[in-house]
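quick one: sequence and predicted model below, then my questions.
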6 protein chains.
Amino acid sequence: MAKTILGIGAHYDDCIFGISGTLLKAVRKNHRVVILSLIGDYSNWPPVQGREKELVQGTIDLSKDYGAEMRFLNFAGTKFEVTEANKLAAAQAIAEIQPDIAFHLWPHDSHSDHEAASRLAIIALRHGDRLLPRGTPFKHAQRIFQFDNGPRHTIGFEPDTFVDIADDWRQASEWLGKLMALVRGEKYDPTKQDAAVRAKETLAAYRGSTCGVRYAEAFRSTNAYPQEIL
Amino acid sequence: MAKTILGIGAHYDDCIFGISGTLLKAVRKNHRVVILSLIGDYSNWPPVQGREKELVQGTIDLSKDYGAEMRFLNFAGTKFEVTEANKLAAAQAIAEIQPDIAFHLWPHDSHSDHEAASRLAIIALRHGDRLLPRGTPFKHAQRIFQFDNGPRHTIGFEPDTFVDIADDWRQASEWLGKLMALVRGEKYDPTKQDAAVRAKETLAAYRGSTCGVRYAEAFRSTNAYPQEIL
Amino acid sequence: MAKTILGIGAHYDDCIFGISGTLLKAVRKNHRVVILSLIGDYSNWPPVQGREKELVQGTIDLSKDYGAEMRFLNFAGTKFEVTEANKLAAAQAIAEIQPDIAFHLWPHDSHSDHEAASRLAIIALRHGDRLLPRGTPFKHAQRIFQFDNGPRHTIGFEPDTFVDIADDWRQASEWLGKLMALVRGEKYDPTKQDAAVRAKETLAAYRGSTCGVRYAEAFRSTNAYPQEIL
Amino acid sequence: MAKTILGIGAHYDDCIFGISGTLLKAVRKNHRVVILSLIGDYSNWPPVQGREKELVQGTIDLSKDYGAEMRFLNFAGTKFEVTEANKLAAAQAIAEIQPDIAFHLWPHDSHSDHEAASRLAIIALRHGDRLLPRGTPFKHAQRIFQFDNGPRHTIGFEPDTFVDIADDWRQASEWLGKLMALVRGEKYDPTKQDAAVRAKETLAAYRGSTCGVRYAEAFRSTNAYPQEIL
Amino acid sequence: MAKTILGIGAHYDDCIFGISGTLLKAVRKNHRVVILSLIGDYSNWPPVQGREKELVQGTIDLSKDYGAEMRFLNFAGTKFEVTEANKLAAAQAIAEIQPDIAFHLWPHDSHSDHEAASRLAIIALRHGDRLLPRGTPFKHAQRIFQFDNGPRHTIGFEPDTFVDIADDWRQASEWLGKLMALVRGEKYDPTKQDAAVRAKETLAAYRGSTCGVRYAEAFRSTNAYPQEIL
Amino acid sequence: MAKTILGIGAHYDDCIFGISGTLLKAVRKNHRVVILSLIGDYSNWPPVQGREKELVQGTIDLSKDYGAEMRFLNFAGTKFEVTEANKLAAAQAIAEIQPDIAFHLWPHDSHSDHEAASRLAIIALRHGDRLLPRGTPFKHAQRIFQFDNGPRHTIGFEPDTFVDIADDWRQASEWLGKLMALVRGEKYDPTKQDAAVRAKETLAAYRGSTCGVRYAEAFRSTNAYPQEIL
């Protein structure tokens, strides 16, 4: 049965960097895939100054090409904290999306946006119904996993769950490459490897090496659940 | 396809206390279940003084009733360390058993027998072939999990894998209860709960509470491996 | 000399679940026992919809039967964060209560209410005097301990202090059982074990097993202090 | 080439207690040394009641004597949290100071002011430019180190970088001693060791003992960077 | 009632450096105090070459002056490991000493002698009876605590139990000073502080600062046990 | 001044996999570079059966081409433990090599050879003089660093020291590639990337990504030492 798979990030690229392989695998399995980026206001981010709306629309369009529905809230980078208004905004989005399985950022990170986004995701996924008007339909995701943002950012992340993404690697790499071209306002050139794509490849190869496959993504489950291991 | 499931403990009761629910589940699935107890010489253990052979044979017979093949090496408690001879003895047993999935004790524990047994199991499971004569057939278990010995013994154990044993709880509890009666040289009285059975119930209920079921056993995987989580 | 023992929780049941044995022991020793529940507004909690005031008053009445003074602030679940107004409200309560020994929730937990309540308790207990008008009498608790919320919620809690509650177990279990009956709007039936009571029993038996008694509660001291161990 | 070295603390004394040896060493090397104390409003701190402005001015004057420029924001102890206004205030100060190397408090501490100051420093140092008006010049410190507040306060601090301060010890000790005299409104008496100076000596001797010198200060680098070790 | 307090170290000075304050406190309380040093053969230790027997006898005599019975096994530094013979030797000593409360080295340390001594102590204290001839009387210590060897040696030690040694500090310091003079073959000069005494003072002041007294020694309990905290 | 840089591994390839970039950098700086492989007997390793002596000699010859002196002890894989004889053998080698800076394996690893080699290296580097005949000249390395064996093997390694090896990457990669060809008994083909080389590249890119360079090797210092950070 088709499930709704939700990735929550702070920035437009957090999920496309962090969990694109897993999301593409979900698309292949005919699940519905949604990405929620809390930051939708890029007016204080110099690389896209004057093009901030194109970045948002371009990310939505590009993600659609790969089978994912990309949504943005209207937070601005570095300017949001965990307030009642922001918790409510995240809860409303989750009430609409109705996720079965959710992924959000690991809470310890050198980038404060990642930490605040992580905490907002935790609150909205687990207790969003408490923030919404009585009677609002709300689905609690059955499984919630955390992902990290790579070796330059993350603090103390130790994964316990690995997903083999070797079969989706080419597409995952291309998706991120096109997104980076969009940021630079250039055409995508598949012969040149962007720094972000190289970082993604390094991380995916490292996780793959950890679990014995070519490329992997790694998660930490937020709740223990019984498994079949025999 | 039927697999061989192997539990390795130091004492006659380590696996029956620690992983009986998982082993009984394996029996129900028609897997072959073997328990290897490194300590087979109980002559320096006061509770069974003069009855040490009965303890070993009785444990074998009782385990057979529950579908498990119990084997003993001839180590004596507190007296064995990680030596080449002991590594070889463990490797020989594993070469004979040919496990597909193995369980052994977590290496950090207040009881030195548990620590030495853990290290011997790790070496023999992973590199036993290096210790045996050239050409000896040897099967490397595909999955190796560690289990702890309960709150009074274990040091720093944090499980990452849970098995629901609610359906096997009654039998697991009875198996351990009968074993404890055997140690005391008494008939098993199902109306009286032995201290070990109570400890097992506490641990299984605690693990169950962690992962959202009535009773569970908890493990730590020694190797990362890819999972299907979608 | 009689001391004032204070337990601080987020929800109406956090202390009755977490530290009732220790509180009942304090009552037996003729100490004054106070519980401060930060959340007093249950209008957004479906199980008691329309009965939220009865829950609060019922919890106060029931706790009185067991010798404890239960107080509520007016926070609503999931809706409060660590703001100056909330810090002040907690500080005022503590100024009135004048605790000698205080217990509050461990700060790392999958429930955001527990995390916010923990941080508010820390600030108000340690520095509440800084928030109140000059000259307000304020007592700093000499000992502050943290307690966890059980295996399904807590993250990384490792206790260093254990209290034997075997002698108070029956009462502790009954107190929680009656509270759960109150939530369901039913009469208390001592022959049926509520899920929360079973969870409490599991946790208390696990902690007891850790420290060698039948039932225990476990804490982490927030400040080192010298002990007599000889 | 002269660099700008910045220490960020919550209280007037956090850097003079924590990193004075390193700052004095920087002064000796002709670097520009700036201290930023977030709390500049001491009206709710009893020891200097009625003298709060003298404390601030006196700390500025005293620090000047030791070669350091001391600056204060206007936060009040226990009353500030991580809000957009406070992040902006910290970012503005950093934009003016233009640090090359920065030191701030370790984020886990029993004093909530230290935790909030740590988080504000992290955000302002790393992403302060995002908070300021477009085009505001902003320098990102190349190295950022964290320091702890001593054994009575800090939680889980494990340093990875040590600075030998034996040559600056006498001055460091005197600076703190004079500051404590200022708080008490007394003349500095070099023959009497203040409790804070004794605590500083204990910490510096402990860190020195760890790395094999007489006195040291210890840090944790917030970012990995390549070193020459051959 | 008088108890037997046992400290176990690798070298002649491990307990006099690590736990002298606690031992002197025990002497004051009229407990019997015994120190067991596993290494009694100092022929491969250059500082006392040709005087190794004087070191052993001198340490015994000096300890007697402070109320402690010092015993040596015959191990040589760096040359012993955890073998059955060495376990037996330690077990025999413990059978003779009959400790009520025991202290031994923390198992993680940069000095391999400390690690081996720690493991031997653990085995002999807990399971020594299993190594000895049947019927040998054997007393299991009711409490076992671990101590560290100071910041230059220890790895990851986090104490949970503190003992105030301020009242015994002068004697503790003198005992160690005299022992160091013995090693150097000099007369004890109370006006000169030996490096080891300075290290002891730094460690004791650091632990004292942690728990709010002038000087303390810090331990980690190897077994949880219930406490009275009300 | 030229120093002697020593890498200690269990197997012929541990240092060439783990620290080749750092060793090649040392060669470029005209330091003397020595590698000590404890295992010199490969007769129980199937891949080189009948060619075990060629492997040893070939590794020596190949390392010479890259400026490193490769030495082997005669241990056999899986068959050695930490005994007095083995400690002595390692100590003798170190006495001959006289290292200034040494690197050895991190002690926690899923491969027991790596753990035993780590412990032997620690003992021999720190206390080797105690094992050798009186008067044997012995040099204690001033700095000792630990390295890990990659994500599939290592347990809990967290580096604190990074070395940029980008300039030595091509050579490091080639050295390992040629070594793997030697194992397979094939000619080195630079156009085919061996699995070990790919694993090395993944690890070096991951460490580089952590510290902000293209390729790096990462270490954990075994002793704190003061640094110049200003």
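Yep, it's here.

any residue of the longest helix along chain A touching chain D?
The longest helix of chain A (DSSP state H) is helix A:112-131. Yes. For helix A:112-131 and chain D, the contact criterion (Cβ under 8 Å from any Cβ of the partner chain) is met by A:S112, A:D113. Where you see a C-beta, it was placed from the backbone N, CA and C, and this is true even at glycine.

that helix close to chain B?
No. Applying Cβ under 8 Å from any Cβ, one finds helix A:112-131 out of contact with chain B, separated by at least 14.2 Å.

tell me the angle of that helix relative to helix C:112-131?
Relative orientation of helix A:112-131 versus helix C:112-131 (axes from the mean of the first three to the mean of the last three Cα atoms, to 10 degrees): 110 degrees.

what comes up buried for helix A:112-131?
Buried residues in helix A:112-131, defined by neighbour count with 16 or more other Cβ atoms under 10 Å in any protein chain shown: A:112-131.

near chain F too, which of the residues you listed?
Answer for these near chain F: none qualify (Cβ under 8 Å from any Cβ).

grab the CA positions of stretch A:51-61 and hand them over as PDB.
Listed next in PDB are the C-alpha coordinates belonging to stretch A:51-61 (Å, rounded to 0.1, in the frame of the first residue of the first chain):
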ATOM      1  CA  ARG A  51      16.600  35.600  -7.300                       C
ATOM      2  CA  GLU A  52      15.200  34.200  -4.000                       C
ATOM      3  CA  LYS A  53      11.800  33.400  -5.500                       C
ATOM      4  CA  GLU A  54      13.300  31.700  -8.500                       C
ATOM      5  CA  LEU A  55      15.300  29.500  -6.100                       C
ATOM      6  CA  VAL A  56      12.100  28.400  -4.300                       C
ATOM      7  CA  GLN A  57      10.100  27.800  -7.500                       C
ATOM      8  CA  GLY A  58      13.000  26.200  -9.200                       C
ATOM      9  CA  THR A  59      13.500  23.800  -6.300                       C
ATOM     10  CA  ILE A  60       9.800  22.900  -6.400                       C
ATOM     11  CA  ASP A  61       9.900  22.300 -10.200                       C
END
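
pLDDT of that stretch, averaged?
The pLDDT scores in stretch A:51-61 average 98.

likewise for stretch A:132-146?
Computed over stretch A:132-146, the average pLDDT equals 96.

what's the answer for stretch A:86-103, then?
98.

about what we covered before: pull out the buried residues from the following helix or strand past the longest helix of chain A.
The first helix or strand that comes after helix A:112-131 along the chain, using DSSP states H and E, is strand A:143-147. Judged by neighbour count using 16+ other Cβ under 10 Å, the buried positions of strand A:143-147 are A:R143, A:I144, A:F145, A:Q146, A:F147.

is stretch A:5-14 in proximity to chain C?
No. Stretch A:5-14 lies out of reach of chain C by Cβ under 8 Å from any Cβ, never closer than 15.0 Å.

for that stretch, the distance to its chain's centre please.
3 Å (Cα atoms, centre = their mean, to the nearest Å).

can you get me the start-to-end distance on that stretch?
Its start and end residues considered, stretch A:5-14 measures 16 Å (Cα to Cα, to the nearest Å).

number of nearby residues for A:G135?
8 (other Cβ atoms under 10 Å in any protein chain shown).

what does chain A put close to chain F?
So far as Cβ under 8 Å from any Cβ goes, chain A lies against chain F at A:150-152, A:198-199, A:202-203, A:205-210, A:212.

of those, keep whichever come out buried.
Neighbour counting with 16+ other Cβ under 10 Å marks A:G150, A:P151, A:A199, A:T202, A:L203, A:A205, A:Y206, A:R207, A:G208, A:S209, A:T210 as buried within these.

may I see those organised as JSON lines, with pLDDT and secondary structure added?
Formatted as JSON lines, these follow (pLDDT from 0 to 100; DSSP: H, G, I helix; E, B strand; the rest coil):
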{"residue": "A:G150", "pLDDT": "95", "secondary structure": "coil"}
{"residue": "A:P151", "pLDDT": "94", "secondary structure": "coil"}
{"residue": "A:A199", "pLDDT": "97", "secondary structure": "helix"}
{"residue": "A:T202", "pLDDT": "97", "secondary structure": "helix"}
{"residue": "A:L203", "pLDDT": "98", "secondary structure": "helix"}
{"residue": "A:A205", "pLDDT": "98", "secondary structure": "helix"}
{"residue": "A:Y206", "pLDDT": "98", "secondary structure": "helix"}
{"residue": "A:R207", "pLDDT": "98", "secondary structure": "helix"}
{"residue": "A:G208", "pLDDT": "98", "secondary structure": "helix"}
{"residue": "A:S209", "pLDDT": "97", "secondary structure": "helix"}
{"residue": "A:T210", "pLDDT": "97", "secondary structure": "helix"}
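
of the buried residues of strand A:143-147, closest to chain E?
A:Q146 (25.7 Å; Cβ to the nearest Cβ).

roughly how far apart are the closest one and A:S221?
Distance of A:Q146 to A:S221, given as Cβ to Cβ, to the nearest Å: 8 Å.
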